[in-house]
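Enquirer: okay, here's the prediction I keep looking at, along with the sequence it came from:
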Amino acid sequence: MGSLVLLLIPIIAAIAIIVGSPARLTAVISAAASLVIGLYMAFTHTCDCWNFTASMLPALGIHLTLGVDGMSTIMVLLSVIVLFAAVFTGKSPEGHEKLYYSSSLFIAGGAIGAFLSQDVFFFYAFHELALIPTFLMIGMLGRGDRKAIAWRVTIFLAVGSMILLAGLLWLVSATGGSFAFSDIAANAASIAPATQKGIAALLIVGFGTLISLFPFHSWAAPAYASAPAPTAMLHAGVLKKFGLYGLLRVAVPFLPEGMAAWTDILVILLLGNILWVGYVTVNQKRLDLMLGNSSVMHMGYIFLAIAAISAVPGNDIAVPAAVVLMFAHGISIAMLFGLADTIERKTGTLEISELGGLAKKAPALAFLFGLAAMASIGLPGLANFSGEVMVFLAGFRDYVPAEGFGIVQIGTILALWGVVISAVYMLRAFRKTFQGPLVPATEDATEAHFCVRIPAIVLAVALIAVGLCPNLLLNLLK
Amino acid sequence: MELPWLLLLIPLASATIIHLGLKRNAMVSAMVSTAAVGITLAITLIMQGKDQALSYEWASLGDSSINIGILWDKLSQGMMIVVAGIGTLVHVFSLAYMKDDEAKARYFGCLSLFMFSMTGIVLADNFLMMFMFWELVGLSSFLLIGHWYHKDSAADAAKKAFLTNRVGDFGFMIGILMIWGITGTFAFSEMSITPGTVTVGVLGAAVLCVFAGAMGKSAQLPLHVWLPDAMEGPTPVSALIHAATMVAAGVFMMTRFFFSITPEGAAIADVIPAFSATTIAYIGGITSLVAALMATQQSDIKKILAYSTLSQLGYMVMAVGLLNPEAGMFHLFTHAWFKALLFLGSACIIYACHHEQNIWKMGGLLKKMPLTSGTFFAGTAALIAVPFLTAGFYSKEEILYSALTPEGGITPLFCIAGFVALLTAFYMTRACVVTFFGKTRSDNADHAKEVGPLMFVPLLLLAVMAVIAGFKPIVEAFSAMDPRPEDMSSRVGHTLVLITSIGSLIAGVALGYVLYNGKDKEPFNIGLFRERFYIDKIYDNILVDKIQGIFANLIHFLDEFLIGGLIVGGISRTAGGVGNLFRRIQSGNLQGYSFVLGLGVLLVIYVTVFLSK
């Protein structure tokens, strides 16, 4: 029952806003309520009270089954934290409050629904639900060439979703036709290796497109740069994790042989994310595009964990590593997008060359942005490092010195160079934006308002807590 | 709670309190930070000789775990003396030096953060923990170099330091992972490798990868470029971080590593593959030589000391590569005191000369600042290894010993080390003669006055250490490494080392005095040395601007046009055509977006129905 409440709060609140309830107030209150319930869930996720089943289309074997385990708890926790920060940070343009706040709630509601679903049908459908408001926000309230960008994103994600759908349906039919994860799990062992390989390919491409896996990534950075801050925060922070969550929930456990067959290619693609997109990121001139690209780049590390477990299914570090890094990345990128929005509001620009010396005028903003930037480049003590170091360990978990490096170890070593690349672009941006002498754009800038600081502090606390004590999350996964 | 934990927690608490609560109260911040480091020193002294091993689980992963633990043994105790001892003196010195700085609270907060991170490196009982704190000292160094971040030069230097270190840490992490694969553990106490059980190539590669971390942190060629730039930070920071402690962490780490993988009863040489050891030794030797040559042509007093630090770090690394890490650690111990002394001395001079750093605009300061000058001479004497009296003499001698063959024969590295000793004596004599002798050459120097007691007392204490830190009883009391046998004179090559050491000292001092006494401007202009062998220029203009810049540009171009334009454009043009169709029917884009999505949902329902039949 509890999970139904968690799912319904944002959706009902979103509907209430459309109907006429005060937009910001409703959004903040419901987000805060979700945050509290989500935190409570983290402490009690083993309780039976979080399971829920309702028959929706019994004839077709479709049930709305909600349930939690460690992984979904962490994803839900990520969703509610980012939701809170997103609605708190955002400042709606005049006259668009309804769309602005309700879409954040819909995105989060859809994501929570997907993470809680124990059934392929709803797992997929909730994600689709969350995508629609994303498109609307970019198409109506985005920056720059918003219509073209919205269209590009729509095409990409719709095609990706359909490929994914094909893969999921194939999986369902190959395991006896039931949509329930539990039934699929029970019959998964019987899928022939060739079928596994085919399904895995569809899932990698389908989920991969949603996660901006190289070379299906071109939609992501422009979308985040164009999207209003709350949408960028929720999509990059939470919704994109749906694809990774799906791979870990569906592809890795149900299709071990299929995933193993694609390990080599997966390693090459993820290096595309880390190295190729990494250098694309180095070349960005705008802060928002840089952050968008960096988010694409960092997906590579989570894929590295997936590749490690695909290569050797017994790898017991890979899944925790991927989950911790998903959480960490979600929080840090949301924080960066939120603060970048503030920088734009204070200075009127996000062109890195037009910024400078902002730390003098807004030390708290500089501190928070610096913290998020340091988190994102993997500074120990902050959550991303915990995730990244575990990913690297996962890559070397099955290294046998006498046999030399396997593809995963080579991938890990090359991926480590990405740690240098991300430091290059992040520090360059921080240096240009916050340090050095003041420039015209920053001369009259003011300190960040507490409406921006509070959500940023909430996110910072999450980064520090997991960074200092990753067992907070790891114990949930036991 | 066991006392050693406090060594970590106290500076952490201090840093946290200052950053979160005391930013506006500079005086209290300074006091909190100084008290924290003072307590750390007291605990370090109390805990001398009381070995302990403590551990706490940081992350549990399947059947393995990552721990935060403390290895309180002779190596960490000796190193803690340096860190906490010099840390305390630098804090006290900073109370006066940074008195009028507008961001004094931030400065002391960062110092505490540094103390926390550095202590973590020293105490770490496993490689991963050491790596974490390794990165954290990088952060504190970044923050302190960039203390005056509104200056472009400081902000750039901070960034350069961080990035250069990241390059080294790239290798370091690979090395840690490989060692993990080889030994199955991160814990230093379980890491020993039985000689012959691991392929030489694999182990040698792993050792060199780990060493890459040391090359970054200890600024070895070709990753040395950040250290001279790091002088943009406040001078006490240069003394603590960029001379005495953090930059020496590479030597400490390698020593810890070598000791750990050598099983009891075996020699380090049995385990470490010869090719990696030789590589390390030559990187150290070449760094010490190149840096000493660069130092001879610098005119900024801090830069001279910075290059000198590079050169001395090269010595230590060379000793490590010669598989005599004790000699490296011994030199680390003595060098820390006298180099911190020289930096703090230069801080006094710069302070007294109103932020003038060019030695050619000083001159005659011996009369203006006799006390500071005296201590600076003591530090110089130790650095150039005045025989028998100073600490530097004993430790440098040990490095010269390690460079000899077992039979006492001369090696190329021995020649390099001897020549570097001569260069050291030369450039320090030059610096002292130009700065302290003759007549003053600027108004700033003319108005220089002796510094107050808060600055002078730390200098005095450091000067005492610069002299006595090499004596046996002191070394023993402070748990410092001491490679010297009981009977010195019986050693092979004793006379050769002594002659080389004293000979190069006399030659260097004489040369420096003759060439520079009474000169008002630089009589020689050797562009190659002055411009740091053009290495920085090559990095900035070719490696970063050209290669990385063009490469990133090219990839960006390909990404947009090849992947974004051709492949994706094809798909989206097709789909766009379909979309246009709907747009014509329904006008407006939103319907288009939702339509495609709706199509997805419809498809789910359709196929579901289809499948269930």
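Expert: Arrived safely, thanks for sending. Numbering: from 1, shown residues only, chains lettered A, B, ... in the order given.

Enquirer: who in the stretch 101-250 of chain B is up against chain A?
Expert: For the stretch 101-250 of chain B, the residues in contact with chain A under the definition CB under 8 Å from any CB of the partner chain are B:128, B:131-133, B:135-136, B:139, B:146, B:149-152, B:155-156, B:158-159, B:162-163, B:166-167, B:169-170, B:173-174, B:177-178, B:180-182, B:198-199, B:202. (C-beta placed from N, C-alpha, C; glycine too.)

Enquirer: what's the burial count for B:I286?
Expert: Residues contacting B:I286 under the criterion other CB atoms under 10 Å in any protein chain shown number 17.

Enquirer: surely it touches B:G314?
Expert: Yes - in this structure, B:I286 is within contact of B:G314 by CB atoms under 8 Å, at 7.4 Å.

Enquirer: where do the contact lists of those two overlap?
Expert: Both B:I286 and B:G314 are in contact with B:L221, where contact means CB atoms under 8 Å, 6 or more residues apart in numbering or on different chains.

Enquirer: can you tell me how far the spatially closest residue to B:W337 that is not a sequence neighbour sits from A:L169?
Expert: Closest residue in space to B:W337, ignoring its immediate chain neighbours: B:M465 at 3.8 Å, by CB to CB, 6 or more residues apart in numbering or on different chains. Distance, B:M465 to A:L169, using CB to CB, to the nearest Å: 76 Å.

Enquirer: of the two, give the one with the bigger neighbour count.
Expert: Between B:M465 and A:L169, counting by other CB under 10 Å, B:M465 is the more crowded of the two (27 against 23).

Enquirer: what about that one, helix or strand, and which?
Expert: In the assignment (DSSP states H and E), B:M465 maps to helix B:453-468.

Enquirer: kindly export that helix (C-alpha atoms) in CSV.
Expert: C-alpha atoms of helix B:453-468 as CSV (Å, rounded to 0.1, in the frame of the first residue of the first chain):
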residue,chain,number,x,y,z
PRO,B,453,58.3,37.0,17.2
LEU,B,454,55.3,35.1,15.9
MET,B,455,57.1,34.7,12.6
PHE,B,456,60.6,34.5,14.0
VAL,B,457,60.1,31.8,16.6
PRO,B,458,59.0,29.1,14.0
LEU,B,459,62.0,30.1,11.9
LEU,B,460,64.3,29.5,14.9
LEU,B,461,62.8,26.2,15.8
LEU,B,462,63.1,25.0,12.2
ALA,B,463,66.7,26.3,12.1
VAL,B,464,67.5,24.1,15.1
MET,B,465,65.9,21.1,13.3
ALA,B,466,67.8,21.9,10.1
VAL,B,467,71.0,21.4,12.1
ILE,B,468,70.2,18.6,14.4
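
Enquirer: just the mean pLDDT for it, thanks.
Expert: Helix B:453-468 carries an average pLDDT of 90.

Enquirer: what do you get for stretch A:183-192?
Expert: For stretch A:183-192, mean pLDDT rounds to 88.

Enquirer: swap in stretch B:78-85?
Expert: Computed over stretch B:78-85, the mean pLDDT rounds to 93.

Enquirer: contacting residues for the residue nearest to B:W337?
Expert: B:M465 makes contacts with B:G85, B:W337, B:F338, B:L341, B:A391, as judged by CB under 8 Å, 6+ apart.

Enquirer: hmm, 10 Å instead?
Expert: By CB atoms under 10 Å, 6 or more residues apart in numbering or on different chains, the contact list for B:M465 reads B:82, B:85-86, B:89, B:333-334, B:336-338, B:340-341, B:378-379, B:382, B:391, B:474, B:478.

Enquirer: what residues does the stretch 1-150 of chain A have near chain B?
Expert: By CB under 10 Å from any CB of the partner chain, the residues of the stretch 1-150 of chain A that approach chain B are A:57, A:59-62, A:120-121, A:124-125, A:127-129, A:131-132, A:134-136, A:138-140, A:146-148, A:150.

Enquirer: if we can go back for a sec, now, the residues of the stretch 101-250 of chain B next to chain A that are in strands?
Expert: Secondary structure from DSSP state E places none of those in strands.

Enquirer: out of those residues, which are buried?
Expert: Buried by 16 or more other CB atoms under 10 Å in any protein chain shown: B:128, B:131-133, B:135-136, B:139, B:146, B:149-150, B:155-156, B:158-159, B:162-163, B:166-167, B:169-170, B:173-174, B:177-178, B:180-182, B:198, B:202, out of these.

Enquirer: sorry, back to before: and the helix holding B:M465, which residues are buried?
Expert: Using 16+ other CB under 10 Å as the test for burial, helix B:453-468 gives B:M455, B:F456, B:P458, B:L459, B:L460, B:L461, B:L462, B:A463, B:M465, B:A466, B:V467, B:I468.

Enquirer: just checking, the last one touches B:L462?
Expert: No - contact criterion CB atoms under 10 Å: B:I468 and B:L462 do not qualify, at 11.1 Å.

Enquirer: joint contacts of these two?
Expert: Common neighbours of B:I468 and B:L462 (criterion: CB under 10 Å, 6+ apart): B:W337.

Enquirer: how many other residues sit next to whatever residue of the stretch 1-150 of chain B ends up closest to chain A?
Expert: Closest residue of the stretch 1-150 of chain B to chain A, CB to the nearest CB: B:G62 (2.8 Å). As a burial measure, B:G62 scores 17 neighbours (other CB under 10 Å).

Enquirer: leaving out sequence neighbours, find the closest residue to it.
Expert: Closest to B:G62 by CB to CB, 6+ apart is A:D316, at 2.8 Å.

Enquirer: for that neighbour, what are its contacts?
Expert: Counting by CB under 10 Å, 6+ apart, A:D316 has contacts A:I309, A:A394, A:R397, B:L61, B:G62, B:D63, B:S64.

Enquirer: pretty sure the third one sits against A:P320.
Expert: No - assessed by CB under 10 Å, A:R397 is found out of contact with A:P320, at 11.4 Å.

Enquirer: give me the common contacts of the two.
Expert: Residues touching both A:R397 and A:P320 (CB under 10 Å, 6+ apart): A:M390, B:L61, B:G62.
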